[in-house]
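S.K.: What would the 3D arrangement of this be:
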Amino acid sequence: MSKMTEQKGRPNIIGYWMSEKKRQKLNWTEFGTTCKRHGFDLVKLDLTRSLEDQGPFCVILHKLTDIIVLAGQGDKKAEAMVQRVESYLDAHPEVAVIDPLDNVRKLLDRFHSYSISLRSGVDSLDAFTPNFVELLSEDVEDNLRRLKEAGVTFPFVCKPSVAHGSSRAHKMCLIFNERGVRDCQPPCVAQSFINHNAILYKIYVVGDRQHIVERPSLKNFYPCDRDTIFYDSHDVSKADSQSALSVLDPEDAATVPQPPPPDPERLRAVVDALRSKLGLALLGVDVVVENCSGRIAIIDINAYPGYDGFPNFFESLMTCILGAVESHRTDMPDAVLSNGSDSFSSGPGSSACSKTSSSTSSPGDQDDSGFDTGGDSSDEKKKKWGRRLRGSGGFAAVAGK
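M.R.: Prediction:
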């Protein structure tokens with residue numbers, strides 16, 4: 001892959017933000033080296049101050065999901081951080097962003113994201129979104145009525161409505177009967193459980209590139225009188241998971257046929273349909289194959305996932321960035337390019353970004369913002385966040401019917 005043309009002075013600048021935990025997990029220092037090979041500097045954004053004197057940037061790459069959630073819950077510090085990013089992007093339309101914040105917001109509430117999946121047209125690809133409904137009340141009778149109206153059947157998985165922002169986002173439960181509905185902890189989303197012989201397929205997406213990883217998952221379960229099972233989805237579906245919940249019962253192992261792995265091209269078509277609705281370059285889609293029908297069930301969609309096992313991830317990410325910068329520059333009106341930020345130069349064959357910041361930061365120079373995105377927030381804040389998302393997205397009707 002050829003480098004983008006460098007202009008006089010320093011290379012082009014990619015401004016990025018992610019938590020320190022995410023940075024270490026992805027070995028971000030290595031990505032800084034990849035950026036250098038392609039003529040870019042990689043600079044971490046300081047979200048505690050204005051971005052104006054930290055750029056100019058040609059692209060902003062971020063994992064702001066947890067901070068956006070906290071901002072939606074009314075956290076003033078998070079609100080200020082998000083506002084600084086949005087203000088900079090509003091003032092500099094010539095700067096590309098991966099991914100647009102409004103598009104990322106679509107995946108921060110599970111009811112909202114499942115509603116998008118439901119309307120994405122994947123049913124024409126023999127794929128589906130299992131029936132689901134949002135539960136906001138602690139009234140068991142009301143919840144039973146809503147479950148029935150939405151076609152949610154036992155057993156079902158109960159998931160927190162907010163998909164990011166706290167460790168609670170991955171705390172789920174499997175409910176087998178009407179008695180267990182009392183274990184629902186609103187605000188939450190109830191979704192019919194699909195038997196899939198304990199195999200999950202994670203589809204990691206970086207721009208136009210996709211990679212499928214097979215992971216352990218929940219074994220087959222059936223309606224019965226047993227008590228609710230509480231679990232952490234991360235513990236069940238890690239590559240090296242040893243959870244007893246992922247071991248098929250002997251009877252199922254002997255008698256339930258194992259459907260073949262899904263065709264990669266079919267999965268690509270499913271993901272492309274979702275991407276067209278979401279407008280995201282970096283996402284993960286979790287699917288299972290229903291063992292009685294062979295249909296693909298979409299059970300979760302995540303913004304900027306972990307990319308464990310994605311081959312040549314940094315090169316794929318760099319290709320995505322190069323494409324985003326060039327595409328964004330092509331789509332920009334000439335007036336924006338000539339009158340906007342000096343980071344864009346004009347003329348055929350020139351780089352999307354030329355002038356760079358006087359900042360001398362390099363990958364790892366800046367400390368993390370110090371913002372704690374790991375703590376749980378109150379249920380009232382989560383309900384408030386859910387109302388904000390539903391108000392902006394227009395999903396008032398019961399889905400899954």
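S.K.: how much space between residue 153 and residue 298?
M.R.: To residue 298, residue 153 is 17 Å away according to Cβ to Cβ, to the nearest Å. For every residue, glycine as well, the C-beta is placed using N, CA and C.
S.K.: Kindly report the same for residue 164.
M.R.: Counting by Cβ to Cβ, the gap from residue 164 to residue 298 is 18 Å.
S.K.: again with residue 257
M.R.: Applying Cβ to Cβ to residue 257 and residue 298 gives a distance of 22 Å.
S.K.: which of those two has more neighbours?
M.R.: residue 298 (24 against 9; other Cβ atoms under 10 Å).
S.K.: which residue sits closest to residue 227 in space, ignoring its chain neighbours?
M.R.: residue 180 (7.0 Å; Cβ to Cβ, 6 or more residues apart in numbering).
S.K.: Go ahead and confirm the one you found touches residue 230.
M.R.: No - taking Cβ atoms under 8 Å as the definition, residue 180 is not a contact partner of residue 230, at 10.7 Å.
S.K.: Look at the two and report which has more neighbours.
M.R.: Comparing residue 180 with residue 230 by other Cβ under 10 Å, the one with more neighbours is residue 180, at 21 against 11.
S.K.: Could I get the contacting residues of residue 169?
M.R.: 160, 162-163 (Cβ atoms under 8 Å, 6 or more residues apart in numbering).
S.K.: could I get these as JSON lines with secondary structure and pLDDT?
M.R.: Below are the contacts of residue 169 laid out as JSON lines (DSSP: H, G, I helix; E, B strand; the rest coil; pLDDT from 0 to 100):
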{"residue": "160", "secondary structure": "strand", "pLDDT": "94"}
{"residue": "162", "secondary structure": "strand", "pLDDT": "89"}
{"residue": "163", "secondary structure": "coil", "pLDDT": "78"}
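S.K.: Just name the closest of these to residue 49, please.
M.R.: residue 162 (27.9 Å; Cβ to Cβ).
S.K.: neighbour-wise, which of the contacts of residue 169 leads?
M.R.: In the contacts of residue 169, the most neighbours by other Cβ under 10 Å go to residue 162, 26 neighbours.
S.K.: was I right about it contacting residue 107?
M.R.: No - under the criterion of Cβ under 8 Å, residue 162 is not in contact with residue 107, lying 10.9 Å apart.
S.K.: Next one: the residue most central in space within the chain from residue 66, what distance?
M.R.: Closest to where the C-alpha atoms of the chain average out (Cα atoms, centre = their mean) is residue 303, at 1.4 Å. Between residue 303 and residue 66 the computed distance is 11 Å (Cβ to Cβ).
S.K.: just checking, residue 204 touches residue 316?
M.R.: No - Residue 204 is beyond contact range of residue 316, at 9.3 Å (criterion: Cβ under 8 Å).
S.K.: okay, the two: which has more neighbours?
M.R.: Using other Cβ under 10 Å as the criterion, residue 204 and residue 316 rank with residue 204 on top: 23 against 20.
S.K.: can I assume residue 150 is in contact with residue 130?
M.R.: No - counting by Cβ under 8 Å, residue 150 does not reach residue 130; the two are 10.6 Å apart.
S.K.: Any stretches of the stretch 1-150 of the chain with poor pLDDT?
M.R.: 1-11 (pLDDT under 70).
S.K.: what helices or strands is the longest helix anywhere in the chain leaning on?
M.R.: Scanning the chain for the longest helix, with DSSP state H as the assignment, gives helix 313-331. Secondary-structure packing of helix 313-331 (3 or more Cβ pairs under 8 Å, 6 or more residues apart in numbering; DSSP states H and E): helix 28-37, strand 59-62, strand 96-98, strand 199-206, strand 209-216.
S.K.: any chance of those in a markdown table, plus distance to residue 17?
M.R.: Formatted as a markdown table, the helices and strands packed on helix 313-331 follow (distance: least, Cβ to Cβ, whole Å):
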| stretch | distance to residue 17 |
| --- | --- |
| helix 28-37 | 11 |
| strand 59-62 | 5 |
| strand 96-98 | 11 |
| strand 199-206 | 18 |
| strand 209-216 | 23 |
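S.K.: So which of the ones you listed is nearest residue 143?
M.R.: That would be strand 199-206 among these, by Cβ to Cβ, at 27.0 Å.
S.K.: Residue 25 - how many residues pack around it?
M.R.: Considering only other Cβ under 10 Å, residue 25 is surrounded by 13 other residues.
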